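J.: I need the structure of the sequence given here:
(2 chains)
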Amino acid sequence: MSDSTVLLEARAITRRYPGTLALDDVTFKVYRNRVNVLIGENGAGKSTLVRVLAGVETADSGELLLEGAPIQVRSPREAAALGISIVHQELSVLSNLDISENIFAGREPVKAGVLLNRPEEDNRAIRALATLRKLMQVRTKAAKLSLGCRQIVEVARTLDQGARILILDEPTSALSTTETDSLFQVIEDLKRSGVTIIYISHRLHELLHLGDWFTVLRSGRVVGQAARGEVSRNWIVERMSGRAIAEPSPVYPTLPDAPVLAQAEGITLAGSRIDEAAQAPLHGVSFTLREGEILGIYGLLGSGRTELLEALVGARCLHAGRFRLKGVGVDLSSVASTAARGIVLVSEDRQRDGLIPEMSIRENIAIGDLHGFFLSRRQQLVRVRSLVRELNIVARDLELPVTSLSGGNQQKVLIARCLMRNPSLLLLDEPTRGVDVGAKAEIYHLLRRLAIQGIGILFTSSEIEETRTLADRALVLCQGRISAELSRGELTDETLFAAASPAVNTVSIPPSGVALT
Amino acid sequence: MTTSSPSRHRPASLTRFSVRALLFALRARAVVVLVALLILFSVLAPSFLTTNNLTILTKHIAISAILAIGMTFVVLTGGIDLSVGSVAGLGGMVAGYLLTQGVVIGGVVHYPAVALIVLLTIAVCLIAGSLNGWLVAKAGVAPFIATLGTLYIARGAALLLSNGKTFPNLAGQAARGNLGFPALGQSFFLGLPLPVWVMLALFAVAQVLAVGTPLGRHIYAVGGNERAARLAGIRVPRVKIFTYLASSFCAALVGLIIASQLEAAHPATGESFELNAIAAVVLGGTSLMGGRGSIPGSLIGAFVIGVLSDGLVMLGVSEFWQMVIKGAVIVLAVAVDQLQSRLQARFLPYLESSTAGGAE
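T.: Numbering: from 1, shown residues only, chains lettered A, B, ... in the order given. Okay, here's the model as predicted:
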C-alpha cells in the first residue's frame, strides 16, 4: 500500500442504535484507486459504516476526512457533491420510472431553466451504460428489469454523477454468476479509470479475487486490516468469526430410515409478471423432510426461497402442488389451516412481517398461542417464561417493548412465538439475518435441539457458511427450480454457488476443483 | 388450491387481439365511460346537448376539475388532501369579507381592489396548504389526519369570519373602488365561461409541470418509492409541501370562482367537494398508493363526474338515487383499476410473446 495514499478516512466513528452499538470507535481508511474491501458477518456494522460515509446516516461521534481535510456529510446529496456515491444493498431503484429517469432522479438536467432535457438525459444514460458494457433501452420501466440490470442502473447513476469513491454494498447478493462476472469486469474498468471502490461482501472467494486492501469488522469493531498479499481465506474467517476455526456444529446424523415427516410434490407458483422481484415463480418443487432432520434451502435473492416457505405456510396462492405432513395432505389455501396442522414460519423481515413493535416482549411471544377464547394471563405467563428461559432470551423485563432487544434476542422472540404453538414443522426464512455471532451460534444450537425433539426444520439461507453449518441436507433453488440436492458431505462453497447460479446447467454440478486460497 | 388457469395455453391471434382490445378499453376506461355517458344523456334528454346546458355543465366541471388537478399532485406522492373543500369555502369568505367589510388600518376602513383581494385570498389559502405540507412532510402526521384537521380549522375560520352568516352583494361599489369581482365567475371569453379558461390554463401548466420538469418527476418518484427517492437525493419534504400548496392554490381559485358566480360568500361553501375531487382523480386512473397516474386522467375523471351529476339531474332522477349511482360508479372504478392490473399481469406474457419468445 506504500504506493497509494489515503483518500478518505473515517476516524473514531461511533454509531449507536437502540439496543445495539453498531459501530464502536471504528477507524477505516480508504486507499486511492484501490478496491477497499470491508468484510464481516451480518450485523457486524459494515452497512452502517458505509451509510455514514455516504451521508445516509450520521455518526454519533467521530469525523470524516477527505484527502486529509475534515468534511461534513449530512445527506446523500452532500456526499454526491464530494464524489462519494453508494449502491445500496437493497436496491433503491424507482420501479415506476424508466432507466434514464432513474439515472437522473434528483439531479435532472434542464433546459430553459425549468424544463427537463430528455434528449440529454437519454444520451448521457446511453453513454454511462456503454461504459458499463450494458446496452439497454433507456426508456424501459425499471419494474421490468432483472435485479442485475437494476444494479447496473444504479452504478450508471453514480458514474454519471462523476463519483470518485464508489461504495458497493453486497452488490452480488442478488446476482447470477454471469452477472457477477460482468460486474467484476465493470469494477476493473472503473478502477483503471481512477475510481476508488469500497466493496462489501461476505463471499470470501469474491473478495480474495477482487480486493486490494482488506478491513474486517466484527460486532462494530475493526478486528483486522491487511493488504492483498497478506490475506488468506483462514485469516479472514478467523477474524470474522472471532474463533480460530469456525466451530462445526455438533452433527447428529439422521438415520436414513427415520420416518418421513413432510413431503412436498410439485409446488408451483405463478410469478409476478409486472415485478419479478416482488414474487418469483416456483416450478414443480418437490422434496421430503425426515423427522429430526434440518433441511436447508440455499438460493440467491429472487430464486424463490421466500416464496417457497410462504407457499408452505399457506400465504401464497398456489398454482399446483401438494404437501403432506405425517402422511396427511395439508390444505395450503390459508395460513389458518396450516397453523392448525402445526406449520409455522419465522419470516425473513423481522420488522415488517414479524414483530409487533408496540407490544411488549411477553405479548409478542404470547400472540403465538391461539387456543381458547379467553386469555389466561397466568397460564400464558408460565409458558412464556419457560420459553424465555429455554431460548435464553436476555431481557431485563418481559414487559419492556420488544424493540428494546438486540437483533438476536428479537429473532429468539419470534422463534419462541412459533414454539408457543407446539409446531410439528418449523420454517425459518434467513434465521440469522441481522443477528450477531454469539446469538447466531445459540440459534443454531437451539434449532438442533428442536430437531432432536422431533420438530421438522426447514430453513432458507443466502449464506453459504450458514447452510454448511446448520443443514443436514441442502436443496439449492435456482430460478424457482431445485437445481441440486446436496448431502452434508457435498456442501461446499463451489457446489452451492454453482448450483444457485442460473448460468450453470441444472443437472450436472461441476466438480469443486477450483482452489480458493 | 390447484387453480387451473386459462393462461396455460397460448391463445390464437384473434383472442390475442381481443385481449389487447380489452386491456386497452380498461386502460382508457374513463374515456369510454365519458363517451358512453354523453351518448346516453343526449339520447335520453334532448336538451342535454344545447349550448345553454353545455355552458352550465362546463362551469360545474371546471369547479371539480380545478380541485382534481391540485389533488392529483398530492395523490401522486401517496398523500391525500381532505381540506380542499373547506379551504375553498374559507377562500370565498376571505374575499367576501374584504369586499364588504374592508380592512381597518389606523382606524380607517380601506377597501382593497379586486386584484389585490384575489391575491390576498390565494395567500390565505396557501397558509392552509403550507400547514398541511408542514404537518405531513416535517411533523410526520399521516396525510389523512393532517388534512382532516385542516378541514375543520379552515371551516371554523370561515364561520368565524362572518359569525356564520353569508356575505351578500359581492358586486362591489364604485365608491369603494372594488367593482368587478363577479366578472371572475360570470364573464365569457371567446364563447367560453372564464372559469373554463382558468381550468384549461391550470391544466396546461399542471401537465407541463408533471411531465416536463424535474419537480414533476420528483413527485412521481416520491410516490413510487419514498425511501429510494430520498436515497437518490430528492428533497422529499420539499416535494410534498409543494403538492399541498398546489392543492390549496387550486382550492383558492375554486373559492373565488364560486363566490364570484353567486355574488355571495357562504361559510358552508365547498362541503364534500374534496370527495368529488378525490373521486375524479381515482376515476382518472391515479393510484391512491402514489407513483402512478396523470393530470389528463383527472381532467377526464372530473368530466365523468360532472356529466353524470348534471345528466342525472336533467333526467329527473331523484337526488337520493343520484348519490347511490355516483357512489357505485366510484367504487366500480377502483375495482376495475385492481382488475386491470391483475388482468394485465396475467395477459402480459401473451402480448409480449411475439417479441420475447414463448411464455411459460
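
J.: the closest residue in space to B:Leu49 that isn't next to it in sequence: which element?
T.: Distance criterion CB to CB, 6 or more residues apart in numbering or on different chains; nearest residue to B:Leu49, sequence neighbours excluded, is B:Ser42 at 4.8 Å. Where you see a C-beta, it was placed from the backbone N, CA and C, and this is true even at glycine. Per DSSP states H and E: B:Ser42 is located in helix B:29-44.

J.: over to B:Gly285?
T.: Per DSSP H and E, there is no helix or strand for B:Gly285.

J.: chain A against chain B: which residues are in contact?
T.: By CB under 8 Å from any CB of the partner chain, the residues of chain A that approach chain B are A:56, A:75-77, A:80, A:88, A:92-97, A:101-102, A:105-108, A:110, A:114-116, A:157, A:270, A:272-274, A:281, A:283, A:317-321, A:331-333.

J.: which members of the residues you listed are classed as buried?
T.: Listed as buried from the residues of chain A next to chain B are A:56, A:75-77, A:80, A:88, A:92-97, A:101-102, A:105-106, A:108, A:116, A:157, A:270, A:273-274, A:281, A:283, A:318-321, A:332; burial here means 16 or more other CB atoms under 10 Å in any protein chain shown.

J.: can I take it that A:Gly55 is in a helix?
T.: No - counting by DSSP: H, G, I helix; E, B strand; the rest coil, A:Gly55 is not part of a helix but coil.

J.: how about it, what does it touch?
T.: A:73-79, A:84 (CB atoms under 8 Å, 6 or more residues apart in numbering or on different chains).

J.: which strands or helices does the helix holding B:Ser42 pack on?
T.: On a contact count with 3 or more CB pairs under 8 Å, 6 or more residues apart in numbering or on different chains; DSSP states H and E, helix B:29-44 meets helix B:295-314, helix B:319-356.

J.: immediately after it, which helix or strand?
T.: Next element after helix B:29-44 (DSSP H and E): helix B:51-76.

J.: does that next one reach chain A?
T.: No - judged by CB under 8 Å from any CB, helix B:51-76 stays clear of chain A, getting no closer than 10.0 Å.

J.: and the helix or strand just after that helix with helix B:51-76, angle?
T.: Next helix or strand after helix B:51-76 toward the C-terminus (DSSP H and E): helix B:84-100. Orientation check (axes from the mean of the first three to the mean of the last three CA atoms, to 10 degrees): helix B:84-100 against helix B:51-76 gives 120 degrees.

J.: from the contact counts, what lies against helix B:84-100?
T.: helix B:51-76, helix B:114-133, helix B:143-162, helix B:236-262, helix B:273-283.

J.: chain center to stretch B:58-71, what's the gap?
T.: Centre-to-centre, stretch B:58-71 and its host chain are 5 Å apart (CA atoms, centre = their mean, to the nearest Å).

J.: three-state assignment of A:Thr288?
T.: strand.

J.: that one: neighbour count?
T.: 14 (other CB atoms under 10 Å in any protein chain shown).

J.: what residues does the stretch 201-350 of chain B have near chain A?
T.: B:208, B:212-214, B:216-218, B:220-221, B:223-225, B:227-235, B:291-292, B:341, B:344-346, B:348-349.

J.: per-domain residue ranges of chain A.
T.: A:6-241, A:260-356+A:423-500 (automatic domain parsing).

J.: make CSV out of these and add distance to A:Leu414.
T.: CSV is the format used below for the domains of chain A (distance: least, CB to CB, whole Å):
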stretch, distance to A:Leu414
domain A:6-241, 15
domain A:260-356+A:423-500, 5
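
J.: got JSON lines for the ones you listed, with mean pLDDT too?
T.: Below are the domains of chain A laid out as JSON lines (pLDDT from 0 to 100):
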{"stretch": "domain A:6-241", "mean pLDDT": "85"}
{"stretch": "domain A:260-356+A:423-500", "mean pLDDT": "84"}
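
J.: for residue 236, list the residues it contacts.
T.: Using chain A. A:39, A:204, A:207-208, A:214, A:216, A:224.

J.: my question was about chain B
T.: B:Val236 touches B:137, B:222, B:226, B:229-230, counting by CB under 8 Å, 6+ apart.

J.: tell me the one of these nearest A:Ile152?
T.: The shortest gap between A:Ile152 and any of the contacts of B:Val236 belongs to B:Ala229, at 19.8 Å (CB to CB).

J.: name the SS class of the closest one, please.
T.: helix.

J.: now A:Ser85
T.: Using three-state DSSP, the structure places A:Ser85 in strand.

J.: just give the number of residues close to it.
T.: Neighbours of A:Ser85 using other CB under 10 Å come to 25.

J.: residues near the nearest residue to B:Asn132 once chain neighbours are set aside, how many?
T.: Distances taken as CB to CB, 6+ apart place B:Tyr244 nearest to B:Asn132, at 4.0 Å, with adjacent residues excluded. By the criterion of other CB under 10 Å, B:Tyr244 has 32 neighbours.

J.: B:Tyr244 contacts B:Ser130, correct?
T.: Yes - counting by CB atoms under 8 Å, B:Ser130 is a contact partner of B:Tyr244 at 7.3 Å.

J.: distance of the residue in the stretch 51-200 of chain B positioned nearest to chain A relative to A:Leu282?
T.: As assessed by CB to the nearest CB, chain A sits closest to B:Leu76 within the stretch 51-200 of chain B, at 10.0 Å. According to CB to CB, to the nearest Å, B:Leu76 and A:Leu282 sit 35 Å apart.

J.: B:Asn276 reaches B:Val304, doesn't it?
T.: No - contact between B:Asn276 and B:Val304 fails when scored by CB under 8 Å: they sit 11.0 Å apart.

J.: can you give me the strands in the stretch 101-250 of chain A?
T.: A:110-111, A:115-116, A:165-169, A:196-201, A:213-218, A:221-227 (DSSP state E, counting those that start in this stretch).

J.: looking at those strands, spot the one closest to B:Leu98.
T.: strand A:115-116 (36.6 Å).

J.: pull out the buried members of the residues of the stretch 201-350 of chain B next to chain A.
T.: B:212-214, B:216-218, B:220-221, B:223-225, B:228-235, B:291-292, B:344, B:348-349.

J.: worst average pLDDT in the helices and strands packed on helix B:29-44?
T.: Lowest mean pLDDT of the helices and strands packed on helix B:29-44: helix B:319-356, a mean of 72.

J.: give me the number of residues near B:Val108?
T.: With other CB under 10 Å as criterion, B:Val108 counts 8.

J.: again, but for B:Thr58
T.: 18.

J.: so it sits against B:Leu194, correct?
T.: No - assessed by CB under 8 Å, B:Thr58 is found out of contact with B:Leu194, at 11.1 Å.

J.: give me the common contacts of these two.
T.: Joint contacts of B:Thr58 and B:Leu194 (CB under 8 Å, 6+ apart) do not exist.

J.: surely A:Ser182 touches A:Arg133?
T.: Yes - between A:Ser182 and A:Arg133 there is a contact at 7.0 Å, judged by CB under 8 Å.

J.: ok, the residue nearest to B:Asn132 to chain A distance?
T.: As for B:Tyr244, its distance to chain A is 20 Å (criterion: CB to the nearest CB, to the nearest Å).

J.: low-confidence ranges, chain B, go.
T.: By pLDDT under 70, the weakly predicted segments of chain B are B:1-14, B:344-360.
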